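Novice: predicted structure and sequence below. I'll ask about it afterward.
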Amino acid sequence: MEQCKCSTQIRNLTVHKRDGVIIHDVSLDVHHGEIMALIGRNGAGKTTLLKALLGRIPYSGSIVFTNPKGERVQKPRIGYVPQNMVFDRSTPMTVADMLCANLSEFPVWLGHQKEKRERANAMLEKVGGYHLLNKRLGSLSGGEMQRVLLAFALEPLPDLLLLDEPVSAVDRKGIEVFYDLVTSLRSEFHMPVILVSHDLSHVQRYATRAALLDRTIVVSGPVDKVMRSPEVQEAFGLKLAREVR
Amino acid sequence: MEFLYGLIDSLLPFEWTEFAYMKNAFLAILLITPLFGLVGTMVVNNKMSFFSDALGHSALTGIAIGVLMGVDNYLLSMLGFSLLFALCISAVMSSGNSSADTIIGVFSSTGLALGVVLLSASGGFAKYSSYLIGDILTVQPPEILMLAVVLAAVVLVWVLFFNRFLLTSVNTDLAASKNIRVRLVEKLFVVIIAVIVTISIKWVGILIINSLLVLPAASARNLAKSMRSYHFWAIGISMFSGVSGLIASYYMGTAAGGTVVLIAAAIFFITFALGHVGGKNRVR
């Protein structure tokens, strides 16, 4: 355990809300360069766990972030790609506004610095979002939006990438492109990724490890092993049978 | 001040600039309107127009507290109360127990009713009814200076913190993931609204101050595509309505605040039509 090249160590994490315990005693390790899939039924606490990782809700227990050199990171940079991000689509804001606001302190209402604009465009090209820079945020399609959010999440390079149902609004072709991209990021930057997904076929194809959450971690390990575990078979029974065949 | 008066005389040699009170009002308008245009952009983005309205109403209680404490200048008591009021609303809202418009509605009515009760108990409400519609023509040079200072301070905050305001308004989780202290940013914004509403309420009036904050930005949204053009239009429309409203009110003998708001409202409807005819979502 001491030698573990962990990126994120979650220990005994418990979240209470007014109507009771949402998740309890969650302990989970996410390593550098692995895609950890978080699976579980609706209401199992997946989003709650992500919110705790983001520091958005109070919790007990501990979350420790470590960089690839093994040094502890106090204020981790987290790349977060939310599920169907809710925002005001009528806001007069371009993709460049959003990316430049993240890249620099120079206030975007005064315009963008040329160099930051170019960097934003380079980020977009990297995620396959060509020609999106000057589009209004509210006019993007589901797939385009996810690419912009991924570009946003990747700069500055995060200590942990959180993907919450990242492709639920994306068409089939877009899904493949998106996951290929995430897979290449993983190998390029050795970035740890937590992926929340309902779709077990995606999980089997793209994740390296998996954890089944049902208020606590029921089973976790290498993705194939977890998928074959009786707990997952039971939780997803029918679905898995179809997928495997 | 003499220099500015001289400048107005030489640049704008019209009948309406002959009087000192009109010169003062003109200068005040030139400071208040860009301030409101600027801050209004984020008020509309954050869907906080009801919130700023409630703050305007709470000014009445602020005045009443000032009267009870026996101070001559109500600005400090108004400012103190509206800051407290604003932070209370935002604290109750972020506890997430009830819906925002209900909470704001409750606070708004309480602020208004408390003000009316306290003022009527301490010698009659009528004396203070001028605060309801405001009077820009009564603005004095020291107050103009104060407006200039506030404008400078808000512009500075807008330069230093705007990107954080923007990302927080898009999505708080996303902002938090970039280590933006979301709660702090939200509080800072609430404080800015409280300050600018309070310091201008005497001249703009409790009943219409919110229109001045919301209308220019709402019109700008009909035309703008990016944050830069949004700010450009909001400030431009705000200043245009302010100046033309002041001049029109002089020649028509109407209340300045109401005239300014009417012009801003007319611009809103025009931009609304333009935005729809132009199909801004596709073309721009």
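Specialist: Here it is on my side, so go on. As the structure is a prediction and not an experimental result, all values here were calculated from the model. Numbering: from 1, shown residues only, chains lettered A, B, ... in the order given.

Novice: isn't A:L124 up against A:V95?
Specialist: Yes: counting by CB atoms under 8 Å, A:L124 touches A:V95, with 7.2 Å between them. Just so you know, the C-beta spots here come from the backbone N, C-alpha and C atoms, and that holds for glycine as well.

Novice: okay, and the common contacts of the two?
Specialist: A:132-133, A:148 (CB atoms under 8 Å, 6 or more residues apart in numbering or on different chains).

Novice: filter those residues down to the ones in helices?
Specialist: Among the shared contacts of A:L124 and A:V95, DSSP state H puts A:V148 in helices.

Novice: so which of A:L124 and A:V95 has more stuff around it?
Specialist: A:V95 (27 against 23; other CB atoms under 10 Å in any protein chain shown).

Novice: grab the nearest non-local neighbour of A:Q113.
Specialist: Distance criterion CB to CB, 6 or more residues apart in numbering or on different chains; nearest residue to A:Q113, sequence neighbours excluded, is A:F106 at 5.4 Å.

Novice: what is the neighbour count of that neighbour?
Specialist: 16.

Novice: now swap in A:Q83 and tell me
Specialist: A:Q83: 18 neighbours (other CB under 10 Å).

Novice: mind checking pLDDT for it?
Specialist: In this model, A:Q83 is scored at 81, pLDDT.

Novice: beta partners for A:G79?
Specialist: Beta-bridge pairing for A:G79 (DSSP bridges): A:L161.

Novice: B:S177 is in contact with that one, correct?
Specialist: Yes: with contact defined as CB under 8 Å, A:G79 and B:S177 form a contacting pair (6.9 Å).

Novice: quick one: which of these two has more around it?
Specialist: Neighbour totals were compared for A:G79 and B:S177, and B:S177 leads with 28 against 24 (other CB under 10 Å).

Novice: how close does the residue lying closest to the more buried one once chain neighbours are set aside get to B:N179?
Specialist: Sequence neighbours aside, A:Y80 is the residue nearest to B:S177 in space, at 3.7 Å (criterion: CB to CB, 6+ apart). To B:N179, A:Y80 is 11 Å away according to CB to CB, to the nearest Å.

Novice: could you do B:L223 as well?
Specialist: 34 Å.

Novice: so those two - more neighbours on which side?
Specialist: For B:L223 versus B:N179, the count of surrounding residues by other CB under 10 Å is larger for B:L223: 22 against 13.

Novice: which residues in the stretch 151-284 of chain B form strands?
Specialist: Here the stretch 151-284 of chain B has no strands by DSSP state E, counting those that start in this stretch.

Novice: where in it is pLDDT low?
Specialist: B:278-284 (pLDDT under 70).

Novice: interface residues of it facing chain A?
Specialist: With CB under 8 Å from any CB of the partner chain as the criterion, the stretch 151-284 of chain B meets chain A at residues B:158-160, B:162-163, B:166-167, B:169-174, B:176-179, B:220-221, B:224-231, B:281-282, B:284.

Novice: could I have the buried ones of those as PyMOL selection syntax?
Specialist: Those of these that count as buried under 16 or more other CB atoms under 10 Å in any protein chain shown are selected in PyMOL with:
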select buried, chain B and resi 158+162+163+166+167+169+170+171+172+173+174+176+177+178+220+221+224+225+226+227+228+229+230+231
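
Novice: helices - which of the residues of the stretch 151-284 of chain B next to chain A land there?
Specialist: B:158-160, B:162-163, B:166-167, B:169-170, B:172-174, B:176-177, B:220-221, B:227-231, B:281-282.

Novice: A:S104: what's its closest spatial neighbour, skipping adjacent residues?
Specialist: A:K116 (4.9 Å).

Novice: show me what contacts the one you found?
Specialist: A:100, A:103-104, A:106.

Novice: so what sits against both of A:G79 and B:S177?
Specialist: By CB under 8 Å, 6+ apart, the residues touching both A:G79 and B:S177 are A:153, A:162.

Novice: okay, the residue of chain A most remote from its centre: pLDDT?
Specialist: Distance from the C-alpha centroid of chain A peaks at A:L110, with 31.6 Å (CA atoms, centre = their mean). According to the prediction, A:L110 has pLDDT 94.

Novice: the helix or strand encompassing A:K51 - contacts with which helices or strands?
Specialist: Using DSSP states H and E, A:K51 sits in helix A:46-53. Helix A:46-53 sits against strand A:6-17, strand A:20-31, strand A:35-39, strand A:160-164, strand A:193-196, with contacts defined as 3 or more CB pairs under 8 Å, 6 or more residues apart in numbering or on different chains; DSSP states H and E.

Novice: now do the third one against helix A:46-53, angle only.
Specialist: Taking axes from the mean of the first three to the mean of the last three CA atoms, to 10 degrees, one finds strand A:35-39 and helix A:46-53 inclined to each other by 130 degrees.

Novice: point out where chain A drops to low pLDDT.
Specialist: A:1-6, A:237-245.

Novice: nearest residue to A:K135 other than its sequence neighbours?
Specialist: A:V95 (5.5 Å).

Novice: for that neighbour, phi and psi?
Specialist: phi -60, psi -40 (degrees, to the nearest 10).

Novice: quick one: contacts for it?
Specialist: Here A:V95 is in contact with A:120, A:124, A:129, A:132-137, A:140, A:148 (criterion: CB under 8 Å, 6+ apart).

Novice: out of the helices and strands packed on helix A:46-53, which gets nearest to B:N210?
Specialist: Ranking the helices and strands packed on helix A:46-53 by proximity to B:N210 (CB to CB) places strand A:6-17 first, at 34.9 Å.

Novice: is the closest one in proximity to chain B?
Specialist: No: Strand A:6-17 lies apart from chain B when judged by CB under 8 Å from any CB; the minimum separation is 10.1 Å.

Novice: give the partner strands of that strand in its sheet and their orientations.
Specialist: By DSSP bridges, strand A:6-17 pairs with strand A:20-31 (antiparallel), strand A:60-66 (antiparallel).

Novice: after the shortest one, heading C-terminal, what element do we hit next?
Specialist: Helices and strands here follow DSSP H and E; after strand A:60-66, the next one along the chain is strand A:72-73.

Novice: give the partner strands of that next one in its sheet and their orientations.
Specialist: When pairs are called by DSSP bridges, strand A:72-73 turns out to pair with strand A:60-66 (antiparallel).

Novice: pull the distance from the partner strand to the chain's centre.
Specialist: Computed by CA atoms, centre = their mean, to the nearest Å, the chain-centroid distance of strand A:60-66 equals 17 Å.

Novice: quick one: it to strand A:160-164, angle?
Specialist: Using the same axes, to 10 degrees: strand A:60-66 against strand A:160-164 is 120 degrees.

Novice: got the contact list for strand A:60-66?
Specialist: Contacts for strand A:60-66 (CB under 8 Å, 6+ apart): A:6-16, A:25-26, A:52-53, A:72-73, A:76, A:159-160.

Novice: can you select the buried ones from these in ChimeraX?
Specialist: Of the contacts of strand A:60-66, the buried ones go into a single ChimeraX selection, burial set by 16+ other CB under 10 Å:
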select /A:6,7,8,9,10,13,14,15,26,52,53,76,159,160
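
Novice: ok, B:T168 to B:V204 distance?
Specialist: Applying CB to CB to B:T168 and B:V204 gives a distance of 27 Å.

Novice: one more: A:T8?
Specialist: 52 Å.

Novice: what's the answer for B:T41, then?
Specialist: On the measure of CB to CB, B:T41 and B:V204 end up 18 Å apart.

Novice: next: B:A248.
Specialist: 16 Å.

Novice: those two - which one has more neighbours?
Specialist: For B:A248 versus B:V204, the count of surrounding residues by other CB under 10 Å is larger for B:V204: 31 against 17.

Novice: from A:L28, how far off is B:M93?
Specialist: 33 Å.
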